[in-house]
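> Here you go, sequence then predicted model.
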Amino acid sequence: MEKKEAWKRELIQSALDARKRAYVPYSGFSVGAALLAASGKIYQGCNVENASFGVTNCAERTAFFKAVSEGEREFKAIAITGGKVLSKPSDFAYPCGVCRQVMQEFCDGDFAVLVAKSAEEYKEYTLLQLLPHGFGGEKLL
Ligand code: THU
């Protein structure tokens, strides 16, 4: 594992804290995310489930939509952590395809995605690694 940088530990800790606020009465799987904007601000997100299951919002999209609705448009990194509610993550929680597509909308290929079991144990990817050949708005211009 690479040498840990302080900002990554801080971002992961923020995702671990956000996970505690997940609303997951149906799956019992809580996810936390912390999104670092180019401004330096961190936006937290958790998954918010719904009795109409398809209405559920993932933690990552909660963080992105909070940030974009506050005026942010450029992002550096996101930390993600998840697992069975009230337990420490037993595995790495990777972003779903829909969330990867939302990242594609606002981020460059070098956007960093940290999937973490704890502040000490994490893996790092670029968005390009997680979503190669992604569909972006430039195709529509
Ligand atoms: N979930 C996320 O929050 N992020 C993902 O990238 C994958 C899935 C949530 C949605 C749902 O509340 C629970 O995990 C189980 O699918």
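Yes, it's here. Since this is a predicted model, take the numbers as computed values, not measurements.
> Who are the contact partners of the nearest residue to V68 once chain neighbours are set aside?
Of all residues not flanking V68 in the chain, F106 sits nearest, at 6.9 Å (C-beta to C-beta, 6 or more residues apart in numbering). Placement of C-beta: from N, CA and C, glycine included. Residues near F106 by C-beta atoms under 8 Å, 6 or more residues apart in numbering: 64, 68, 73-75.
> in the chain, which spans are strands?
Using DSSP state E, the strands assigned to the chain run over residues 29-37, 42-46, 75-84, 112-116, 122-126.
> and of the ones you listed, who's closest to Y23?
Y23 lies closest to strand 42-46 among the strands of the chain, at 7.1 Å (C-beta to C-beta).
> Provide the strand pairings for the closest one, with the direction of each partner.
When pairs are called by DSSP bridges, strand 42-46 turns out to pair with strand 29-37 (antiparallel).
> tell me the angle of the partner strand relative to strand 75-84?
170 degrees (axes from the mean of the first three to the mean of the last three C-alpha atoms, to 10 degrees).
> Could you check strand 29-37 and say which residues are buried?
For strand 29-37, burial by neighbour count (16 or more other C-beta atoms under 10 Å) applies to 30-37.
> Which strand residues bridge Y23?
Bridge pairing for Y23 - DSSP bridges - gives V48.
> just checking, it touches A51?
No - judged on C-beta atoms under 8 Å, Y23 makes no contact with A51 at a distance of 11.4 Å.
> neighbour count winner among the two?
A direct count of neighbours by other C-beta atoms under 10 Å for Y23 and A51 places Y23 higher, at 13 against 8.
> tally of neighbours for F64?
Other residues within reach of F64 by the criterion other C-beta under 10 Å amount to 24.
> residues touching L128, list them.
L128 touches 109-110, counting by C-beta under 8 Å, 6+ apart.
> Excluding sequence neighbours, find me the nearest residue to the residue most central in space within the chain.
Central residue of the chain (C-alpha atoms, centre = their mean): E60, 3.7 Å from the mean position. Spatial nearest neighbour of E60, excluding adjacent residues (C-beta to C-beta, 6+ apart): C99 at 4.0 Å.
> who are the neighbours in contact with the one you found?
C99 touches 58, 60-61, 64, counting by C-beta under 8 Å, 6+ apart.
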